[in-house]
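Visitor: pasted the sequence and its predicted model underneath.
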Amino acid sequence: MDERLLTDAAIRANRYLVSLKTRAVAPTEEAVERIDRLCGPLPEDGEDPSSVLELLDELGSPATVASAGGRYFGFVIGSALPAALAANWLAGAWDQNTAVESMSPVAARLETTALEWIGDSLGIPPNARGAFVTGDTMANFSGLAAARHSVLEAAGWDVEARGLFGAPPVTVVVGDEVHVSVLKALALIGFGRDRVVRVPTDEQGRMRVDQVPDLHGPTVVCAQAGNVNTGAFDPVREICERAHREGAWVHVDAAFGLWANASPGRRALTAGVEEADSWAIDAHKWLNVPYDSGVVFVREGRHLRAAMSGAPAAYLPQSVRGEPMEYVPEMSRRARGVDAWAALRSLGRSGLSELVERSCRHASRMATLLQSGGCRILNEVVLNQVLVSFGSDDETRRVIDAVQRDGTCWCGGTVWHGTAAMRISVSSWATTEDDIERSAAAILRVASNLTT
Ligand SMILES: *Cc1c(COP(=O)(O)O)cnc(C)c1O
């Protein structure tokens, strides 16, 4: 192999990351149109790897969305920390499969270590069993599959062997503000998206525990730590008390919210979350590791193992503690633990805490600047999420559209309690105070140009 190829990739990647400081966050229309030149039918003959890379950089890089930079505030999107990105490249060269430990002792150990560090930082009980999956949707899927095993086992039903046909019905309780990925996971595990009991929420989107119905029989309650619009937390302690009294399982969708636990200043938000039975968490959001990466934890690991173990095969090893593939939906898997390990090793406990606190501080600062500029903030800014209205729904939508075209920063839209709103999520390690000042100034300038 030509050693210059990877060096060339590194040079191009560095140049790309530097360019993010000055280029527009959204790609230009012309750049998006030029993607066509990468497509079309598969060429008959191969090409030199260096010219493939050159083509990809010249046409692909300008067509990216600059979410690896500091002024992308759409959805909940982290960037890749330098150590995590570099480790990801090295791990790419290693090309390890983490299905079973003997395929890669180092990938397996780094995965376990990263899981211990994450669990410890987030206040997950030390004996809980964790596993790396692709993101929070699959973490919800995995946690809920463990829940399904547990509540049906207690009802005398082996769901993995017999399926759901003829099984005792399982009640699933969600807050009205449940994330769509939980509903998708419920559909995938056969619980059904629409068969849920929806509990009303308060003005910040928190589940109202006084509205939780009486729980009987096999039941799973889905709580949320970090509402995707407001950043608000369900009262998980009260939910757990209610649910556990009736023998129900509590699953927490904590995609980005549980990282609040890493910062002493925000820890009060997550009170009681350690009492749940399973937790779904993203690593590619607030931990700022490259896509894709999420983590599921289950208090009693045997339920996750029972849900995820397939039938044994003679060529696959078995161990007492269980092979990595016995805890996840996949068999072959990339070594996600390497990126997470490097991110955490480079941050340390204090760096992780600072990353979370800094993002929250930036969000507050953004809210203050926009409010002083005459905008209306629709949520209590308790975490890294800000909801902004610029007047009527139509005015707000026009501002969002114009801000995206302006290119200084990128913010998405949502509807919050019937009102159109701009969503601002500060989740990137790369965001600086200057990024916040520049972005707030651009949003206010764009908004005032539209109204005058
Ligand atoms: C992002 C998010 C999800 C989905 O996570 P993916 O990693 O995109 O699968 C689920 N729940 C909440 C609250 C989220 O913010």
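Guide: Yep, that arrived.
Visitor: CA only for contacts and neighbour counts going forward, please
Guide: Fine.
Visitor: quick one: the strands in this structure?
Guide: 129-133, 171-175, 197-199, 219-224, 249-253, 278-282, 294-298, 376-377, 385-389, 412-416, 419-425 (DSSP state E).
Visitor: and the last one with the ligand, contact?
Guide: No - judged by Cα under 6 Å from any ligand atom, strand 419-425 stays clear of the ligand, getting no closer than 10.2 Å.
Visitor: next one: the fourth one
Guide: No - contact between strand 219-224 and the ligand is absent, the nearest approach being 6.8 Å (criterion: Cα under 6 Å from any ligand atom).
Visitor: now the angle between strand 129-133 and the top helix by length along the chain, please.
Guide: The longest helix of the chain (DSSP state H) is helix 336-372. Here helix 336-372 runs at an angle of 80 degrees relative to strand 129-133 (axes from the mean of the first three to the mean of the last three Cα atoms, to 10 degrees).
Visitor: I'd like to know which elements helix 336-372 is packed against.
Guide: Using 3 or more Cα pairs under 8 Å, 6 or more residues apart in numbering; DSSP states H and E, the elements in contact with helix 336-372 are helix 82-94, helix 105-122, strand 376-377, strand 385-389, helix 433-451.
Visitor: one more time with 10 Å
Guide: If you count contacts as 3 or more Cα pairs under 10 Å, 6 or more residues apart in numbering; DSSP states H and E, helix 336-372 packs onto helix 82-94, helix 105-122, strand 129-133, strand 294-298, strand 376-377, strand 385-389, strand 419-425, helix 433-451.
Visitor: contacting residues for the closest residue to the ligand within the stretch 251-400 of the chain?
Guide: Closest residue of the stretch 251-400 of the chain to the ligand, Cα to the nearest ligand atom: Ala255 (4.7 Å). Counting by Cα atoms under 10 Å, 6 or more residues apart in numbering, Ala255 makes contact with 76, 135-137, 139-140, 179, 224-228, 279-286, 294-296.
Visitor: what is the nearest residue to it once chain neighbours are set aside paired to in the beta sheet?
Guide: Nearest non-adjacent residue to Ala255, counting by Cα to Cα, 6 or more residues apart in numbering: Ile281, 4.1 Å away. Bridge pairing for Ile281 (DSSP bridges) gives the partners Val295.
Visitor: was I right about Ile281 contacting Leu258?
Guide: Yes - between Ile281 and Leu258 there is a contact under Cα atoms under 10 Å: 7.3 Å.
Visitor: quick check: neighbours shared by those two?
Guide: Joint contacts of Ile281 and Leu258 (Cα under 10 Å, 6+ apart) are Leu122, Ala225, Val252.
Visitor: okay if I get those as CSV plus neighbour count?
Guide: Output for these, formatted as CSV (neighbours: other Cα atoms under 10 Å):
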residue, neighbour count
Leu122, 21
Ala225, 27
Val252, 28
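Visitor: from these, pick the one nearest Ser346.
Guide: Leu122 (17.3 Å; Cα to Cα).
Visitor: distance of that closest one from Met422?
Guide: From Leu122 across to Met422, the span is 29 Å (Cα to Cα, to the nearest Å).
Visitor: tell me how far Val426 lies from the ligand.
Guide: To the ligand, Val426 is 12 Å away according to Cα to the nearest ligand atom, to the nearest Å.
Visitor: that residue touches Leu387, doesn't it?
Guide: No - under the criterion of Cα under 10 Å, Val426 makes no contact with Leu387, lying 11.8 Å away.
Visitor: those two: which has the busier surroundings?
Guide: Taking other Cα atoms under 10 Å, Val426 and Leu387 do not tie; Val426 has more neighbours (32 against 24).
Visitor: measure the more buried one to Asn449 for me?
Guide: 25 Å.
Visitor: Phe75 now?
Guide: With Cα to Cα as the criterion, Phe75 and Asn449 are 25 Å apart.
Visitor: more crowded one of the two?
Guide: Using other Cα under 10 Å as the criterion, Phe75 and Asn449 rank with Phe75 on top: 20 against 11.
Visitor: kindly check the end-to-end length of stretch 248-268 for me.
Guide: In stretch 248-268, first residue to last residue: 25 Å (Cα to Cα).
Visitor: average pLDDT for it, rounded please.
Guide: Averaged across stretch 248-268, the pLDDT comes to 97.
Visitor: buried sites along it?
Guide: Within stretch 248-268, the residues that count as buried by 16 or more other Cα atoms under 10 Å are 248-263, 266.
Visitor: any idea how far Pro213 is from Val173?
Guide: 9 Å.
Visitor: do the same with His179
Guide: With the distance defined as Cα to Cα, His179 ends up 13 Å from Val173.
Visitor: need the residues touching each of these two.
Guide: What both His179 and Val173 touch, as defined by Cα under 10 Å, 6+ apart, is the set Cys222, Ala223.
Visitor: the two: which has the busier surroundings?
Guide: More neighbours surround Val173 than the other of His179 and Val173, with 23 against 18 (other Cα under 10 Å).
Visitor: list the contacts for the residue nearest the centre of the chain?
Guide: Residue closest to the mean C-alpha point of the chain, counted by Cα atoms, centre = their mean, is Asp282 at 3.4 Å. With contact taken as Cα under 10 Å, 6+ apart, Asp282 is in contact with 132-139, 253-259, 288-289, 292-296.
Visitor: gap between it and Ala271?
Guide: Going from Asp282 to Ala271 by Cα to Cα gives 19 Å.
Visitor: and the nearest residue to Trp249 once chain neighbours are set aside, how many neighbours does it have?
Guide: Leaving aside its chain neighbours, Trp249 sits nearest to Val220 (4.7 Å; criterion: Cα to Cα, 6+ apart). Neighbourhood size, Val220 [other Cα under 10 Å]: 25.
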